[in-house]
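Asks: my questions are about this predicted structure, shown below with the sequence.
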Amino acid sequence: MSAVAAVGNPARTDLPRAFWALWVCQLVNRLGSFVQPFLVLYLTHDRHLSAGTAGAVAAAVGAGSVAAQLVGGTLSDRIGRRFTMLTCFFGTGAALILLGSARSMAMIWATAFLVGLLGDLFRPAVQATVADLLKPAERVRAYGLLFWAINLGFSVSTVSAGALAALGYGLLFWLNAGTSVIAGIVIWTMVPESRPVLDESTPQRNFLGVALRDTVFLLMMLIEVGYATIYFQGYSTLPLAMSDDGLSSKIYGLVIALNGVVIVLVQPFLGRWLAKFDRPKLLATSMLVVGLGFGLGAVVHSWWGYGLSVVVWTIGEIGFAAVIGAVFADLAPIDLRGRYMGLGGMAFGVGTVVGPLAGPTSLEHFGPAVTWIGCAVLGLVIAVGQWSLAPALHARAKATAAAEAAAAEVNAGVASA
């Protein structure tokens with residue numbers, strides 16, 4: 001049996017102070033995300049590396065990010081959420097400075113991987129902390145607000161980074177490191193440890209042994225790979241298709257910017273409304289909307305047609321981002337919550353690799369119509385799969401809520417004694 005520290009007043013309808021500290025932390029961290037969008041340009045212009053080598057270094061950051069999901073989840077469960085987030089933000093600050101000052105290729109490779117690894121340790125830790133702090137009914141709104149903070153901060157950083165880069169790429173590394181440290185200070189001063197406290201008599205379970213026997217969780221991971229495969233066509237296949245239609249890279253930049261604009265303007269007004277819907281079915285509907293949004297590419301060839309496609313799949317993305325964390329929180333056993341969240345993040349990471357490989361290859365060999373219709377079909381398939389899992393997900397959510405309530409009662413009894 002596990003005992004979970006009761007955080008905040010369970011009768012409150014407002015989100016607790018610690019959650020808003022996490023929100024500020026996410027915003028500050030993304031406001032300073034200057035390096036990654038300009039890393040390839042920095043390596044080719046300042047370090048005079050070839051485009052292929054620079055791209056491979058950027059891929060090393062991505063590899064570190066994928067590894068960070070499981071590492072961060074394991075640290076969150078074994079040592080603590082707060083420790084993991086502090087390691088992330090303070091460690092990332094140091095890794096960024098090292099990457100910006102690295103001269104040898106060995107040092108560039110190593111520090112690039114570290115930036116990816118340390119920079120994404122916080123993801124499973126933050127998701128697990130939200131699940132620890134909040135009741136199940138509050139989680140959809142909370143995850144949606146974190147998603148909004150990420151996109152708001154990133155939208156500002158990508159615009160401001162272009163102007164700052166004109167003053168020297170080195171400045172980007174220092175500013176990015178500085179905001180990472182500020183985010184760490186927010187965690188240090190305002191976010192308590194929320195990791196479930198296990199009774200001494202409770203044996204530690206083998207995570208992979210539990211997860212690999214969890215059929216519902218494995219199917220959810222497979223569905224998430226499918227979703228990410230579709231989603232990342234927006235950053236791999238879409239610019240190629242628009243170029244084939246005679247549209248410039250500048251037009252693509254304006255069209256894809258609609259994604260961030262819609263999220264920033266729309267998501268805050270949808271949070272409470274989305275929380276009212278059945279989670280698995282809302283997730284299925286969101287995936288279908290994303291698939292159909294990309295499917296519009298089969299019949300559009302103008303900038304406004306592609307813009308409409310982006311708006312449609314962005315609406316689906318908002319629903320997905322708000323709900324997916326809550327669904328994985330419902331699935332996760334209390335003592336394995338961080339690692340379940342981390343493995344879910346790894347599934348999305350697999351999709352970020354599959355998508356950019358599959359989409360452009362399909363476009364080259366089968367053409368745009370087949371490629372975009374394929375996205376719509378895949379969206380339909382994963383939506384049907386998600387919808388069919390609804391009964392099992394409802395049962396797991398009910399069981400997890402009961403386990404959380406029982407653990408909280410035990411903890412309260414221990415505290416009063």
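Replies: Good, I have the coordinates.
Asks: nearest residue to Ala165 other than its sequence neighbours?
Replies: In this structure, Ala165 finds its nearest non-sequential neighbour in Phe38, 5.6 Å apart by CB to CB, 6 or more residues apart in numbering. (Each C-beta comes from the backbone N, C-alpha and C, glycine too.)
Asks: would you mark the buried spots in the helix or strand encompassing the one you found?
Replies: Using DSSP states H and E, the element containing Phe38 is helix 35-45. If you call a residue buried by 16 or more other CB atoms under 10 Å, then helix 35-45 has these buried ones: 35-36, 38-40, 42-43.
Asks: and if you look at stretch 148-162?
Replies: Using 16+ other CB under 10 Å as the test for burial, stretch 148-162 gives 148-158, 161.
Asks: how about stretch 372-384?
Replies: 372-376, 378-379, 382-383.
Asks: what packs against the helix or strand that comes right after the helix holding Phe38?
Replies: From helix 35-45 onward toward the C-terminus, using DSSP H and E, the following helix or strand is helix 51-78. If you count contacts as 3 or more CB pairs under 8 Å, 6 or more residues apart in numbering; DSSP states H and E, helix 51-78 packs onto helix 35-45, helix 81-101, helix 105-119, helix 122-133, helix 337-366.
Asks: and Ile256, how many residues sit next to it?
Replies: 18 (other CB atoms under 10 Å).
Asks: so where does it fall, helix or strand?
Replies: Per DSSP H and E: Ile256 is located in helix 249-274.
Asks: now Val61: how far from Arg123?
Replies: Remark: distance between Val61 and Arg123 (CB to CB, to the nearest Å) = 14 Å.
Asks: and the two? which has more neighbours close in?
Replies: Neighbour count, other CB under 10 Å: between Val61 and Arg123, Arg123 has more, with 24 against 21.
Asks: thought Gly32 was touching Trp174?
Replies: No - Gly32 lies out of contact with Trp174 (CB atoms under 8 Å); the separation is 10.0 Å.
Asks: so can I have JSON lines of the helices and strands packed on helix 51-78 showing mean pLDDT?
Replies: Below are the helices and strands packed on helix 51-78 laid out as JSON lines (pLDDT from 0 to 100):
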{"stretch": "helix 35-45", "mean pLDDT": "77"}
{"stretch": "helix 81-101", "mean pLDDT": "94"}
{"stretch": "helix 105-119", "mean pLDDT": "91"}
{"stretch": "helix 122-133", "mean pLDDT": "91"}
{"stretch": "helix 337-366", "mean pLDDT": "88"}
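Asks: now render these as a markdown table, adding distance to Val57.
Replies: Shown next, in a markdown table, are the helices and strands packed on helix 51-78 (distance: least, CB to CB, whole Å):
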| stretch | distance to Val57 |
| --- | --- |
| helix 35-45 | 6 |
| helix 81-101 | 9 |
| helix 105-119 | 5 |
| helix 122-133 | 22 |
| helix 337-366 | 16 |
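Asks: quick one: buried residues of stretch 239-256?
Replies: For stretch 239-256, by 16+ other CB under 10 Å, it's 239-242, 245, 247, 251-252, 255-256.
Asks: cool, stretch 277-288 as well?
Replies: Applying 16+ other CB under 10 Å to stretch 277-288 flags 277, 279-288 as buried.
Asks: lowest-confidence one in those residues?
Replies: Ranked by pLDDT, those bottom out at Phe277 (88).
Asks: how close does that residue sit to Asp214?
Replies: For Phe277, the distance to Asp214 - CB to CB - is 25 Å.
Asks: so where is the stretch 201-350 of the chain shaky, pLDDT-wise?
Replies: 201-203 (pLDDT under 70).
Asks: which stretches of it form strands?
Replies: With strands called from DSSP state E, counting those that start in this stretch, the stretch 201-350 of the chain shows none.
Asks: residues contacting the closest residue to Ala358 other than its chain neighbours?
Replies: Among residues not flanking Ala358 along the chain, Thr229 sits closest, at 6.3 Å (CB to CB, 6+ apart). Applying CB atoms under 8 Å, 6 or more residues apart in numbering to Thr229 gives the contacts 351, 354-355, 358, 378.
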